[in-house]
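# Predicted model follows, preceded by the sequence.
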Amino acid sequence: MKSTAYLFFLLFIINSVTAQELLCTIEINTSQMQSQQTSNPEVTAELKSAITSFMNNTRWTNDIFAQEERIKCNLIFNVLESKNQNSFNGNVQFQVIRPIYGSDYETVVFQYVDRNFNISFAPEERQMVFNEQGYTSNLTSTLAFYAMVALASDYDSFSELGGDEFVQRAYNIVNLAANTGGPWVQGSDRRSKYWIIENLQNQQLLPYRKGFYTYHRIILDDFANNTSSKRGQVLTYLKGLQDIQILNQKAVLIDFFMDAKARELVNIFSEAPEAERKEAFNILSKMAPEKTELFRGLI
C-alpha cells in the first residue's frame, strides 16, 4: 500500500515539473480589418484560446521538457478580412526565441511573416484535432508547421543539424497540404511555407544550418568570455551566408536570419575595431540592402 502511494506521489511530482515543448504567446489583432467589416469578439476569443491550446498543449516530441525549458514563441495574427464570423484572412508574424547561456539575454532564432494565413473556424472545426498522417484543415496544418519549424530552429541551435526530425515532419505537413495549393506549393511566393521547407532540406544550405549551431551554441553562448574571437567567428559565418545567397537566389532562410538578427549583429560589432566594423557593414548591407540605414551605425 505504501509503495503504491509512493508511486502515485512520484508520478505527480514528475508531471508537475515536466511540460509540453512550446510556450507560445498568441495575439489576434482585428484593428486592421476593412472598415465595413466587424468581427465577433466571442469567436475571436475562442479562436485565440483554440490556437493557444493547440500550440502549447500538444505533445510534439517524446523529449522531456522542464517548465523553464519550453521554447518561447510569439504568434501575432493580423486579421485583414473576415467575410463571415467563421473565416479569417490576414497575415501572421511568428517568432521563436532562445535564451543565451549564462545571461538574461534572449535571441530571436526564427522570424517569419506568413502573408497567407487564410483560415476557416467553423463550429465543426473548433476541436483542432491534428493528424500528422493526413490533412485536416489549413489552420491545424499551418500551426503544426509553425511548431515543427520552431522545434527545428531550437534544436539546430543546440546541436548541429539537431532539428532534422522536425524538418522531415514539416516536409510531410507541406506534402499532405499541397493539394490545397496556395502557400503549400512551389509556384507560390518565395517566402511561403513551401520555400521554407525546401531551404531546410536543400543540401546547398546545409552550411547555413550547421553554422546556425555554431552561431548560437559556440559563439553567443560563450560570447562574453572571448568577445574579439567570437566576433571573428561571426564574420566567418556571415561570409559563408553571403556565398550561399549569391549562389542561391531562393535562399529565403538567409532573409529570415537577417530579419531576426540584424539589430543583434549591429550590437555584436558596435564595439569592434573600425576595420572590423567596416567589414561587417559591407557584408551586411550587401546581404540585406533594405536594412542599410540600420547597419550605418557601424561606420
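That came in fine, so what should we check first?
# Please count neighbours and contacts with C-alpha atoms only from this point.
OK.
# quick one: contacts for the nearest residue to S120 once chain neighbours are set aside?
Among residues not flanking S120 along the chain, S87 sits closest, at 4.5 Å (C-alpha to C-alpha, 6 or more residues apart in numbering). For S87, the contact set (C-alpha atoms under 8 Å, 6 or more residues apart in numbering) comprises 118-122.
# now swap in E124 and tell me
Taking C-alpha under 8 Å, 6+ apart, one finds nothing in contact with E124.
# Which pLDDT does the model give it?
With respect to pLDDT, E124 scores 83.
# In three-state terms, label it for me.
helix (DSSP: H, G, I helix; E, B strand; the rest coil).
# Hmm, L161 is touching R209, no?
Yes: L161 lies in contact with R209 (C-alpha atoms under 8 Å); the separation is 6.4 Å.
# more crowded one of the two?
Between L161 and R209, counted using other C-alpha atoms under 10 Å, R209 has the larger neighbour count: 23 against 19.
# what ranges do the helices span in the stretch 1-150 of the chain?
2-17, 41-57, 138-158 (DSSP state H, counting those that start in this stretch).
# What is the subsequent helix or strand relative to the longest one?
Put plainly, it is helix 138-158. Beyond helix 138-158 in the direction of the C-terminus, DSSP states H and E gives the next helix or strand as helix 164-177.
# which residues sit against the next helix or strand after that next one?
Per DSSP H and E, the first helix or strand lying C-terminal to helix 164-177 is helix 193-201. Residues outside helix 193-201 that contact it (C-alpha under 8 Å, 6+ apart): 114, 167, 170-171, 174, 183-186, 188, 205-206, 209, 250-253.
# cool, and stretch 230-238?
Residues contacting stretch 230-238 (C-alpha under 8 Å, 6+ apart): 211, 215, 219-220, 223, 268-269, 272, 280, 283-284.
# now it: mean pLDDT?
97.
# Can I get that stretch as CSV, trimmed to CA atoms?
Presented in CSV, the C-alpha positions along stretch 230-238 are these (Å, rounded to 0.1, in the frame of the first residue of the first chain):
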residue,chain,number,x,y,z
LYS,A,230,33.7,35.4,-31.3
ARG,A,231,33.2,38.4,-33.5
GLY,A,232,35.7,36.9,-35.9
GLN,A,233,33.7,33.7,-36.0
VAL,A,234,30.5,35.7,-36.7
LEU,A,235,32.2,37.4,-39.7
THR,A,236,33.3,34.0,-41.0
TYR,A,237,29.7,32.7,-40.7
LEU,A,238,28.3,35.8,-42.4
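# List the buried residues in that stretch.
For stretch 230-238, burial by neighbour count (16 or more other C-alpha atoms under 10 Å) applies to 230-235, 237-238.
# Buried residues, the longest strand along the chain. List them.
Ranked by residue count under DSSP state E, the longest strand found in the chain is strand 106-120. Of the residues in strand 106-120, 108-120 count as buried by neighbour count, 16+ other C-alpha under 10 Å.
# how does the protein divide up, domain by domain?
10-167, 205-299 (automatic domain parsing).
# Least confident of these, on average?
Note on those: lowest mean pLDDT is at domain 10-167, with a mean of 90.
# Tell me how many other residues surround E81.
By other C-alpha under 10 Å, neighbour count at E81 equals 20.
# surely it meets N116?
No: taking contacts as C-alpha under 8 Å, E81 lies outside contact range of N116: 11.9 Å.
# hang on, the earlier thing: check which helices and strands the longest strand of the chain is in contact with.
In terms of contacts (3 or more C-alpha pairs under 8 Å, 6 or more residues apart in numbering; DSSP states H and E), strand 106-120 is packed against strand 87-99, helix 138-158, helix 252-269.
# Can you tell me which of those is packed in deepest?
Scoring the helices and strands packed on strand 106-120 by mean neighbour count under mean count of other C-alpha atoms under 10 Å gives helix 138-158 as the most buried, with a mean of 22.
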